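Peer 1: Just the structure for this:
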Amino acid sequence: MNTPREQIYSTLFSTLQSALGSRFATISRRWRMPEQVSPESRPALFQVQTGERAKTNANGEPIIWIATVDLVIYTQGSGDEQTIPSQELNSLLDAVEVALAPPANADGKQTLGGKVSHCRLQGSARITENVNGAAAMAVVPVEILTTA
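Peer 2: Numbers count the residues shown, from 1 in each chain. Next up is the predicted model:
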């Protein structure tokens, strides 16, 4: 990769932390199971590296790297029977989408400050309601594309 991996992943984390710090009680790169996250530490967002795939061709062009990250979100939840767990989650998902939107004058791409070709939400978000009672969780896939 043209930019060292750790620099890419830490820049993504900094971008999320900067944009979402006021929305989440916990933002971390160290993933924890839902039962390990106290109610006081929620809502929580975890950035989890999930894989990298190299794409090459026979013409000697640079390797294209496609890295994937999951953003794991746990809501705070409520003991109120009238509260729907996904309502809080939907608001947090909207905030994540805005945080990763391309900056103004960026040709429609989020490049993490020029470190990658693009960084975007890509794929199906997996959502589960009633996690440990009244909370909800989502796993949101992010794709990062860069060249070697």
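
Peer 1: show me the contacts for the residue most central in space within the chain.
Peer 2: The C-alpha lying nearest the average C-alpha coordinate of the chain belongs to L71 (CA atoms, centre = their mean; 3.2 Å). Shown in contact with L71 (CB atoms under 8 Å, 6 or more residues apart in numbering): 16, 45-48, 96, 138-142. For the C-beta atoms, the positions are set from N, CA and C on the backbone; glycine is no exception.

Peer 1: partners of the lowest-mean-pLDDT helix or strand in the chain, with directions?
Peer 2: The helix or strand of the chain with the poorest confidence is strand 126-131; it has a mean of 84 (mean pLDDT, DSSP states H and E). Sheet pairing for strand 126-131, assigned by DSSP bridges, gives strand 135-147 (antiparallel).

Peer 1: could you give the mean pLDDT of the partner strand?
Peer 2: Mean pLDDT, strand 135-147: 93.

Peer 1: what about it, distance to the chain center?
Peer 2: 4 Å (CA atoms, centre = their mean, to the nearest Å).

Peer 1: Any buried residues in it, and which?
Peer 2: Judged by neighbour count (16 or more other CB atoms under 10 Å), strand 135-147 contains these buried residues: 135-142, 144-146.

Peer 1: What would it look like as CSV? C-alpha coordinates only.
Peer 2: Provided in CSV are the C-alpha atoms of strand 135-147 (Å, rounded to 0.1, in the frame of the first residue of the first chain):
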residue,chain,number,x,y,z
ALA,A,135,-30.5,-2.6,23.3
ALA,A,136,-29.8,-2.9,19.6
MET,A,137,-26.7,-3.5,17.6
ALA,A,138,-25.5,-3.0,14.1
VAL,A,139,-22.5,-4.2,12.1
VAL,A,140,-21.8,-1.7,9.3
PRO,A,141,-19.3,-2.6,6.6
VAL,A,142,-16.8,-0.1,5.3
GLU,A,143,-14.6,-0.6,2.2
ILE,A,144,-11.3,1.1,1.8
LEU,A,145,-9.6,1.1,-1.6
THR,A,146,-5.9,2.0,-2.2
THR,A,147,-3.0,1.0,-4.4
